[in-house]
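J.: This is the structure alone, sequence omitted:
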């Protein structure tokens with residue numbers, strides 16, 4: 001009689017040692033995650049700014065009338081020419097006037113539209129959300145051509161209006177361009193504010209309704225204060241965009257003689273570089289960048305102090 005030896009018990013897999021995964025150190029993980037952004041930031045932001053600063057410090061020198069041109073260090077010579085250029089500073093003042101009027105109007109409309117979309121009283125929210133945003137999907141050049149045609153007495157279907165009101169004249173062309181910019185970017189800013197409204201907890205609204213607050217009171221006392229960071233962010237973006245305005249006025253040059261080659265600061269830079277005078281154009285660009293930074297950063301700090309007051 002033969003006996004069969006009992007089979008050895010199967011080892012429990014849970015007791016088997018598992019291979020340890022190599023862990024990436026915390027600091028190394030930060031470097032790995034930030035490396036793509038840092039590379040693109042350095043390549044497309046820091047290096048161009050540095051190159052512009054270097055170019056703005058150079059001047060062209062020649063030996064004699066027909067001597068060979070060479071770039072030499074000129075110090076602040078180009079910047080002295082910038083501060084003597086009346087056309088450039090006139091364009092800066094023009095854009096500041098543009099921003100003082102256009103930016104509050106645009107952000108006011110964006111806030112109103114966002115509040116309407118967030119209101120429970122509005123019907124057809126999907127339609128209106130799409131309708132408000134569609135203009136932003138239209139490229140700025142196409143929008144400028146479309147509106148320029150509407151303003152032109154010879155092309156507009158509203159001749160009864162355009163023949164009596166000169167939208168492309170020296171007095172109104174700036175605000176005609178402001179209308180184009182507002183039409184395009186209201187929907188973009190509305191979506192930013194509307195996204196901020198959606199992040200507000202519903203419990204806040206419930207508590208306000210229990211206290212007897214209506215929709216207008218909730219919007220004024222709760223929604224607007226809570227979306228203030230989004231409004232400040234859109235305002236900063238708008239300030240930067242105002243000083244960088246180029247496409248719309250460049251297109252309007254074909255419709256109106258009131259829009260010159262130095263109508264905006266960016267147009268002045270472009271016209272100067274086309275002469276060509278790349279070094280003076282670089283100095284214009286640096287001054288414009290510094291002015292944009294000062295205005296946007298100053299506005300942000302002012303809003304922070306106002307909010308903490």
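T.: Alright, I've got the coordinates. On a predicted model such as this, the values are computed, not experimentally measured, just so you know.
J.: In this structure residue 71 contacts residue 54, no?
T.: No - using C-beta atoms under 8 Å as the test, residue 71 is too far from residue 54 to be in contact (10.1 Å). Heads up, the C-betas are built off the backbone N, CA and C, glycines and all.
J.: in the stretch 151-300 of the chain, which spans are helices?
T.: For the stretch 151-300 of the chain, the helices defined by DSSP state H, counting those that start in this stretch cover 159-162, 173-198, 202-210, 215-218, 224-226, 228-243, 247-252, 265-273, 278-308.
J.: can I get those in CSV with mean pLDDT, mean neighbour count and distance to residue 110?
T.: As requested, the helices of the stretch 151-300 of the chain are arranged in CSV below (pLDDT from 0 to 100; neighbours: other C-beta atoms under 10 Å; distance: least, C-beta to C-beta, whole Å):
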stretch, mean pLDDT, mean neighbour count, distance to residue 110
helix 159-162, 88, 13, 27
helix 173-198, 94, 21, 4
helix 202-210, 88, 12, 21
helix 215-218, 88, 14, 18
helix 224-226, 92, 14, 12
helix 228-243, 93, 18, 7
helix 247-252, 93, 22, 18
helix 265-273, 93, 21, 24
helix 278-308, 91, 16, 17
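J.: any chance of those helices in JSON lines, plus distance to residue 98?
T.: Shown next, in JSON lines, are those (distance: least, C-beta to C-beta, whole Å):
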{"stretch": "helix 159-162", "distance to residue 98": "22"}
{"stretch": "helix 173-198", "distance to residue 98": "6"}
{"stretch": "helix 202-210", "distance to residue 98": "37"}
{"stretch": "helix 215-218", "distance to residue 98": "32"}
{"stretch": "helix 224-226", "distance to residue 98": "25"}
{"stretch": "helix 228-243", "distance to residue 98": "6"}
{"stretch": "helix 247-252", "distance to residue 98": "10"}
{"stretch": "helix 265-273", "distance to residue 98": "11"}
{"stretch": "helix 278-308", "distance to residue 98": "13"}
